[in-house]
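1. From the sequence below, what's the structure:
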Amino acid sequence: MRIIIAGGGTGGHLYPGIALAETFVRLQNKTQILFIGTTQGIGTSPIPKKGFDLETVAATGFVGKGLSGKLKSLFSIPKGLGQSLGILKKFKPQLVIGIGGYVAVPVMLAATLLRIKRVILEPNVMPGLVNKITAPLSHLVITTFEASNQHLPRHKIKRLGIPVRPEILRAKDSQKSKGTATLVILGGSQGAHSINQAMIEALPFLKKAPQSFSIIHQTGKTDSEDVKTAYRKSGLEAKVSAFIDDMATTYSRADLIISRAGAGTLSEIAALGKAALMIPFPYAAGHQIENAKAFVEIGAAEMILDQDLSGEALAKAILALIVHPARLKKMEKAALQHGNVNAAEDIVKMCIGLIEGSA
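-> The predicted structure is shown next:
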């Protein structure tokens, strides 16, 4: 079996694709996987480390660009399409999976022209431009939110959830230590300056908490030293890191997670059943706000909009949750009901059925 997985640009796109690839190989050990991506953003750097082959094609973003950027994006499509046709003809895949990111457009167009079966993953409530373009061309559209149905071809939708990396799922089997609660602050691989700044401003308010709690804070490279200094001056102990390599252990310790509302992070939070305070990234075309709203509606999270974020508001929201275990437990249960730890396996089995003509 030969499978192409196309997409990338962010970890939220790329890591579900890697989880799918690993599951294909586990269930069908003779499966050959080829990733197609770009060299931009997070690009494709984790793929060779995982032992998978990689090709790159020309593709640039369209949304949020000026006129020259939009023209560059449009002009890159014919070149990317030609490159994709060449790769697909050589590799001869039985299935092409689009995992999001603008590189998926020329690859999915090429697969359509060559009559190769096609699947896309839509992890957000609101589909992005790429999936709006490629969904009508696909045989199967995998979603995680019920609300996505109104934006995509309903007859093609299977709500199976988004794959989570196996190393993350290991946290589900870890037991949280009893005693002091743990607050985990995640800004994504690049950090989140507004969250870091608000947390610094929140420290005087948090010192007045009726009970102590541990803090793990992932800052990104830019703010790391400033945040460490702020904790040291406040007298509050915290483990501050620019990056966290062992996310499974970090998740296993968390009682409350503060994060953006990217689809990748939310799929991990749901699969592990973690309570969250979400601060959506304001420049994500509204995707993250809609994702966070969906989690708030099911009782799995609380939300502060970035425009409303301040130290006092953040501290108030943290203290309303972190010192109330019963409320956190209720949120954890709601998150767990939304997640699907078997998403990767469910999707792979559906894809195999599509290839074999039974789906």
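
2. where exactly do the helices run in the protein?
-> Ranges of helices within the chain are 11-27, 46-49, 67-91, 104-113, 129-134, 166-169, 193-206, 224-234, 247-253, 263-272, 287-297, 311-322, 325-338, 343-356, based on DSSP state H.

3. Please identify the deepest-packed of those helices.
-> Across these, the average number of neighbours (mean count of other CB atoms under 10 Å) peaks for helix 263-272, which reaches a mean of 26. Just so you know, the C-beta spots here come from the backbone N, C-alpha and C atoms, and that holds for glycine as well.

4. hang on, the earlier thing: format the helices of the chain as TSV; extra columns: mean pLDDT and distance to residue 33.
-> Conversion of these to TSV gives the following (pLDDT from 0 to 100; distance: least, CB to CB, whole Å):
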stretch	mean pLDDT	distance to residue 33
helix 11-27	89	5
helix 46-49	84	9
helix 67-91	85	10
helix 104-113	95	14
helix 129-134	90	20
helix 166-169	88	15
helix 193-206	95	35
helix 224-234	94	35
helix 247-253	92	23
helix 263-272	92	19
helix 287-297	94	27
helix 311-322	96	41
helix 325-338	95	28
helix 343-356	96	11
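
5. These: which one's closest to residue 160?
-> helix 343-356 (4.6 Å; CB to CB).

6. Just the CA coordinates for the closest one, please, in CSV.
-> Coordinates of each C-alpha in helix 343-356 appear next as CSV, following Å, rounded to 0.1, in the frame of the first residue of the first chain:
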residue,chain,number,x,y,z
ALA,A,343,-8.8,8.6,16.0
ALA,A,344,-5.6,7.6,14.1
GLU,A,345,-6.6,4.0,14.0
ASP,A,346,-10.2,4.8,13.1
ILE,A,347,-9.1,7.1,10.2
VAL,A,348,-6.6,4.6,8.9
LYS,A,349,-9.2,1.8,8.8
MET,A,350,-11.6,4.1,7.0
CYS,A,351,-8.9,4.9,4.5
ILE,A,352,-8.0,1.3,3.9
GLY,A,353,-11.7,0.7,3.3
LEU,A,354,-11.8,3.5,0.8
ILE,A,355,-8.8,2.0,-1.1
GLU,A,356,-10.3,-1.4,-1.1
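
7. ok, residues contacting that helix?
-> Contact with helix 343-356 is made by 1, 3, 16, 19-20, 22-24, 27-28, 94-95, 97, 117, 119, 121, 139-140, 142, 144, 158, 160-164, 267, 271, 340, 359, as judged by CB atoms under 8 Å, 6 or more residues apart in numbering.

8. got the angle between that helix and helix 263-272?
-> The directions of helix 343-356 and helix 263-272 differ by 110 degrees, with axes from the mean of the first three to the mean of the last three CA atoms, to 10 degrees as the criterion.

9. Would you pull up how far helix 343-356 lies from the middle of the chain?
-> Averaging C-alpha positions (CA atoms, centre = their mean, to the nearest Å) puts helix 343-356 20 Å from its chain's average.

10. Quick check: residue 325 touching residue 181?
-> Yes. Look at residue 325 against residue 181 with CB atoms under 8 Å: they come within range, at 7.3 Å.

11. Now the common contact residues for these two.
-> By CB under 8 Å, 6+ apart, the residues touching both residue 325 and residue 181 are residue 255.

12. Not counting sequence-adjacent ones, nearest residue to residue 81?
-> Sequence neighbours aside, residue 106 is the residue nearest to residue 81 in space, at 4.4 Å (criterion: CB to CB, 6 or more residues apart in numbering).

13. so how far is residue 82 from the one you found?
-> With distances taken as CB to CB, to the nearest Å, residue 106 is found 8 Å from residue 82.

14. Span of stretch 170-183 from start to end?
-> According to CA to CA, to the nearest Å, stretch 170-183 extends 20 Å from its N-terminal end residue to its C-terminal end residue.

15. which outside residues touch that stretch?
-> Defining contact as CB under 8 Å, 6+ apart, one finds that stretch 170-183 is touched by 212-216, 247-249, 251-256, 258, 271-273, 318, 322-323, 325, 328, 341.

16. Then stretch 197-210?
-> With contacts defined as CB under 8 Å, 6+ apart, stretch 197-210 is touched by 185, 217, 223, 226-227, 230-231, 234-236, 258, 309-316, 318-319, 322-323.

17. export it as PDB, just CAs?
-> Coordinates of each C-alpha in stretch 197-210 appear next as PDB, following Å, rounded to 0.1, in the frame of the first residue of the first chain:
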ATOM      1  CA  GLN A 197       3.100  39.300  29.600                       C
ATOM      2  CA  ALA A 198      -0.300  38.700  31.200                       C
ATOM      3  CA  MET A 199       1.200  36.000  33.400                       C
ATOM      4  CA  ILE A 200       3.900  38.300  34.600                       C
ATOM      5  CA  GLU A 201       1.300  40.900  35.500                       C
ATOM      6  CA  ALA A 202      -0.800  38.200  37.200                       C
ATOM      7  CA  LEU A 203       1.900  37.100  39.600                       C
ATOM      8  CA  PRO A 204       1.100  39.600  42.400                       C
ATOM      9  CA  PHE A 205      -2.600  38.500  42.400                       C
ATOM     10  CA  LEU A 206      -1.600  34.800  42.300                       C
ATOM     11  CA  LYS A 207       0.500  35.200  45.400                       C
ATOM     12  CA  LYS A 208      -2.700  35.800  47.300                       C
ATOM     13  CA  ALA A 209      -4.100  32.400  46.400                       C
ATOM     14  CA  PRO A 210      -5.700  30.600  49.300                       C
END
